[in-house]
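Novice: coords please:
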Amino acid sequence: MTQQPADELSANAPPANELPAHDVQMHVLQQRLQQAVLDAVHAVPARQVLLALSGGLDSMVLLHLLASLQQKAGFCLKVAHVHHGLQAQADEWAVFCQAQAVALQVDFQLCRVQLADPARNIEQQARTLRYQALAELLTPDTVLMTAHHADDQLETVLLALKRGSGLHGLAAIAAQKPVAGTQLVRPLLSFSRTELEQYAQAQQLAFVTDPSNQDDSFDRNFLRQHVLPLLQQRFPAISQTTARSCQLLQQSLEYQQQQLATELTQVLRHGQLDLTRLAQLDNPARDLLLRHFLSRYDLTPSAEQTREFVQSFLLAKTDAQPQLQWGDWQLRRFDGLLYLLDQKAQQQAAEPPAEGALLMPELSLNWRHWQFLWNSDAKAPDATWSSLPLAVPLAAQLRLTTGQLNQRFAAVGNVHSKALKDWCKQWKVPPWRRGSMPFIIAGQQNTVVAVPGFASHCTAAQAVSWLHFKAEI
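Specialist: Model prediction:
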């Protein structure tokens, strides 16, 4: 079907007061939809719009609206279809989406993803992979759009109620949120699926139907098939009123997040959560700040998990060493601070002491989870590197090693040396990090001359060479 810009559509249409009642309603609906899309585009000024196109009803409606408005609004439209390979029709849907984009002369991108474990939490895995694939296509001047509508919002609220969610869950789907350095915008959240169906029928839009949507063993499908029809029969406007409630909750959530971000600085020490300060707060501030801090790691503890945390970390004796495993993260306490170790960090902590590695002048060395460069330049290669002075000529021999914590070290400014294990206690190095902590040995006497990240054996004025390093390469 040939598309026309929105201003031409309006110009060619007869005045609304000359249309039959049904056509008047459709004319008003079209104007509302177009205005919602224009408002979304103008709210996040961007030269390009990337539409996540599934080929379903809602995304096809948004494609039609965006294609008709891009000339008027002055943006370039692109579409992307994520191929999950979960359905027998997946290839057909990809072909259909590409054909729709070609017909509208819109740039098309096909993204193929594969679930790691199709037997576990398919919906969540597919959603995560979908947004990861779309994020790779985004640039700072590109806004991502999805076609979530008011019925999706109502379903999400009901699912949040089922889980016992708080404000964050009940606020449901945000109309706008940051993603991959730009913004994700959902302009159709105030429109019901029925309204989108009416628009699609009037515009004779083709779309695909996912047969898995009929499987009511999925909670969302159960709500869609059995619960929403009853609610909408009794309360016809419930999707739209729920969408308005979510907008209000989003405002409250945004304000709360701003307040928590400010208050969180008062319970941080060295970038870690200070559990002593946190324990001094009354609820709900204590639990809200805890959840806000953990959200940095994409952790959303339940009420039960929060109680478990308080019991294990805030009420336990000061010399206790509590541990909790939440998903891929392990929570630990040391020196009154909360540490979160991901699987990679746990693997590092469990690694046996490494064999010594020889440092060669001017040559970068990748060693375990570090990168090292030894040269005569006091300036680090860039801001991601740190530096330590060495009173060791480049003609000498330097080695890297770990694990030998009985080795003695005289840090600059200290007359006497002491064992590295004692320095670790003084530097407040968590016990699980000490065995994998690298240090630098010089000469035949195996003299410790530096501990990257902590100290050197000399001052900058005494340096004849420099060790540059960065962790987690």
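Novice: The spatially closest residue to Leu341 that is not a sequence neighbour: which element?
Specialist: Sequence neighbours aside, Gln330 is the residue nearest to Leu341 in space, at 4.6 Å (criterion: C-beta to C-beta, 6 or more residues apart in numbering). For the C-beta atoms, the positions are set from N, CA and C on the backbone; glycine is no exception. In the assignment (DSSP states H and E), Gln330 maps to strand 329-334.
Novice: Tell me which residues are up against the helix or strand that that strand is followed by.
Specialist: Scanning forward in sequence from strand 329-334 by DSSP H and E, the next helix or strand is strand 337-341. Residues from elsewhere that reach strand 337-341 (C-beta atoms under 8 Å, 6 or more residues apart in numbering): 269-270, 272-275, 293-294, 297, 299, 313, 329-333, 349, 430, 432.
Novice: hmm, try it at 10 Å
Specialist: The contact list for strand 337-341 (C-beta atoms under 10 Å, 6 or more residues apart in numbering) reads 268-276, 278, 290, 293-294, 296-297, 299, 309, 313-314, 322-326, 328-333, 345, 347-349, 428, 430, 432-433.
Novice: Could you give the bridge partners of Pro144?
Specialist: Actually, residue 144 is Leu. It isn't Pro. Under DSSP bridges, the beta-bridge partners of Leu144 are Leu50, Leu184.
Novice: so it makes contact with Val49?
Specialist: Yes. Leu144 lies in contact with Val49 (C-beta atoms under 10 Å); the separation is 8.1 Å.
Novice: any common contacting residues for the two?
Specialist: Val185.
Novice: Neighbours of the residue nearest to Leu341, how many?
Specialist: Around Gln330 there are 18 other residues, counting by other C-beta atoms under 10 Å.
Novice: now the strand holding Gln330: mean pLDDT?
Specialist: For strand 329-334, mean pLDDT rounds to 91.
Novice: which helices and strands sit right next to that strand?
Specialist: Counting by 3 or more C-beta pairs under 10 Å, 6 or more residues apart in numbering; DSSP states H and E, the packing neighbours recorded for strand 329-334 are strand 272-274, strand 323-326, strand 337-341, helix 343-350, helix 431-434.
Novice: can I assume the residue nearest to Leu341 is in contact with Pro430?
Specialist: No. Assessed by C-beta under 10 Å, Gln330 is found out of contact with Pro430, at 11.8 Å.
Novice: quick check, Ala239 in a strand?
Specialist: If you look again at residue 239, you'll see it is Ser, not Ala. No. Under the criterion used here (DSSP: H, G, I helix; E, B strand; the rest coil), Ser239 is helix, not part of a strand.
Novice: what's the closest non-adjacent residue to it?
Specialist: In space, and not counting its chain neighbours, Ser239 is closest to Ala150: 3.9 Å by C-beta to C-beta, 6+ apart.
Novice: which residues in the stretch 101-250 of the chain form helices?
Specialist: 122-135, 150-163, 167-170, 193-202, 219-222, 228-234, 238-264 (DSSP state H, counting those that start in this stretch).
Novice: most packed of these?
Specialist: helix 150-163 (a mean of 20; mean count of other C-beta atoms under 10 Å).
Novice: can you give me the angle that one makes with helix 193-202?
Specialist: Relative orientation of helix 150-163 versus helix 193-202 (axes from the mean of the first three to the mean of the last three C-alpha atoms, to 10 degrees): 150 degrees.
Novice: quick one: stretch 24-43 to chain centroid distance?
Specialist: 30 Å (C-alpha atoms, centre = their mean, to the nearest Å).
Novice: Identify each buried residue in that stretch, please.
Specialist: Met26, His27, Leu29, Gln30, Leu33, Gln34, Ala36, Val37, Leu38, Ala40, Val41 (16 or more other C-beta atoms under 10 Å).
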